[in-house]
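Novice: sharing a sequence plus its predicted fold:
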Amino acid sequence: MPAPDDHPARPGDAFRHASKATGESVRTFHPRRATLGARRGDALDRLWPALGFSVHDPDLGLAPTGPDGTLDAARLFGRTAPVVLEIGSGMGDATAEMAAADPARDYLAVEAHLPGIAHLLTLVEDRGLTNVRVAHGDALDLVRRVVAPGSLDAVHVFFPDPWPKARHHKRRIIAPAHVALLRSRLVLGGTLHLATDWAPYAEQMLEVVTADEGLANAHPGYAPRPAHRPVTKFERRALDAGRPVHDLVATRTR
Ligand SMILES: C[S@@+](CC[C@H](N)C(=O)[O-])C[C@H]1O[C@@H](n2cnc3c(N)ncnc32)[C@H](O)[C@@H]1O
């Protein structure tokens, strides 16, 4: 029997695939080794074929696409409904919670860290959710290559890696070019929702969102904490450490 981390039909190291497929040298995520426990490994083995796809590796199954090569969300979810893209879903707690509370929309969680994907699959199964799918790999690459312009109802980026050192700021996902890309994939009136506990990053987010001419900030400055965004481990840790959390909610205007 193969060791849990060597399962032949299981996603492996996203970084290897990411760099091979795209040649991108600047990544917005930390390289981490994937260690799966038995429960997550089992969930991955059973649920991946129906609920998961890989951003980069055809052997693991890629996104279902239509004739124009863009994501066929109706095939992915088995129905036509507004789609929420969650970038960097981590362990997936917020995704599962929000999807459960919002059954009329479909949630696509993209995460580079495999144990997080596997954990989200356990939550999906435990809660019997039918409106969640997972993608493993670099979300920016997925959005660039496969997600059609004007096709998403919302994009969520909750507690993205803050990359606090100045020499790493280029790795921050909330930067002008990335925000323009994400905005272009929203429907008109669609929402970009960001949250961070890192004050300097919050300032950068506010600057970037304000400067993007196709986005309108829904609130003057930061948004009041939306009740529908669940408190994750990251937020709890930040609050316990006395770091306030900032939310930003902007809508696509053109
Ligand atoms: C600090 S964690 C926050 C996780 C989760 N959103 C939460 O609130 O608990 C940031 C996550 O984003 C993921 N990530 C960063 N850049 C990514 C990218 N380009 N594509 C996919 N995942 C990414 C990281 O692997 C990490 O799990």
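Specialist: Looks like it came in fine.

Novice: around the ligand, which positions in the chain sit nearby?
Specialist: With the criterion set to CB under 6 Å from any ligand atom, the chain comes near the ligand through 28-29, 87-90, 94, 110-113, 116, 138-140, 158-161, 173, 232-234. For glycine as for every other residue, the C-beta is placed from the backbone atoms N, C-alpha and C.

Novice: which ones among those residues lie within helices?
Specialist: 94, 116, 139-140, 233-234 (DSSP state H).

Novice: farthest pair in these?
Specialist: 140 and 233 (23.9 Å; CB to CB).

Novice: what about those two, which has more around it?
Specialist: Using other CB atoms under 10 Å as the criterion, residue 140 and residue 233 rank with residue 140 on top: 23 against 12.

Novice: what about the nearest residue to the more buried one once chain neighbours are set aside, how many neighbours?
Specialist: Nearest non-adjacent residue to residue 140, counting by CB to CB, 6 or more residues apart in numbering: residue 178, 6.3 Å away. When neighbours are counted by other CB under 10 Å, residue 178 registers 20.

Novice: what helix or strand is residue 178 on?
Specialist: helix 176-185 (DSSP states H and E).

Novice: what comes up buried for the helix or strand following that helix?
Specialist: Scanning forward in sequence from helix 176-185 by DSSP H and E, the next helix or strand is strand 186-196. By 16 or more other CB atoms under 10 Å, the buried positions in strand 186-196 come out as 186-187, 190-196.

Novice: you'd agree residue 248 is in a helix?
Specialist: No. Going by DSSP: H, G, I helix; E, B strand; the rest coil, the assignment for residue 248 is strand, not a helix.

Novice: how far away is it from the ligand?
Specialist: Using CB to the nearest ligand atom, to the nearest Å, residue 248 is found at 14 Å from the ligand.

Novice: would you confirm that that residue contacts residue 222?
Specialist: Yes. Taking contacts as CB atoms under 8 Å, residue 248 lies within contact range of residue 222: 6.0 Å.

Novice: which residues does residue 142 contact?
Specialist: Applying CB atoms under 8 Å, 6 or more residues apart in numbering, we find residue 142 in contact with 55, 63, 110, 135.

Novice: not counting sequence-adjacent ones, nearest residue to it?
Specialist: residue 55 (4.6 Å).

Novice: any idea how many residues pack against the one you found?
Specialist: So residue 55, with other CB under 10 Å, has 26 neighbours.

Novice: right, and it touches residue 136 too?
Specialist: Yes. Assessed by CB under 8 Å, residue 55 is found in contact with residue 136 at 6.6 Å.

Novice: buried ones among the residues of the chain next to the ligand?
Specialist: Buried among the residues of the chain next to the ligand by 16+ other CB under 10 Å: 28-29, 87-90, 94, 110-113, 116, 138-140, 158-161, 173, 232, 234.

Novice: name the element residue 67 belongs to?
Specialist: Using DSSP H and E, no helix or strand contains residue 67.

Novice: sorry, that was for residue 238
Specialist: Going by DSSP H and E, residue 238 is in helix 233-240.

Novice: now residue 247: how far from the ligand?
Specialist: 12 Å.

Novice: try residue 153
Specialist: Per CB to the nearest ligand atom, residue 153 is found 18 Å from the ligand.

Novice: name the SS class of residue 53, please.
Specialist: Using three-state DSSP, the structure places residue 53 in strand.

Novice: what residues are up against it?
Specialist: 60-64, 76, 133-136.

Novice: surely residue 194 and residue 226 touch.
Specialist: No. Here residue 194 does not reach residue 226: they are 11.3 Å apart, not a contact under CB under 8 Å.

Novice: quickly list what's touching both of these two.
Specialist: Listed as contacting both residue 194 and residue 226 by CB under 8 Å, 6+ apart are 247, 249.

Novice: tell me how many other residues surround residue 147.
Specialist: Neighbours around residue 147, by other CB under 10 Å: 24.
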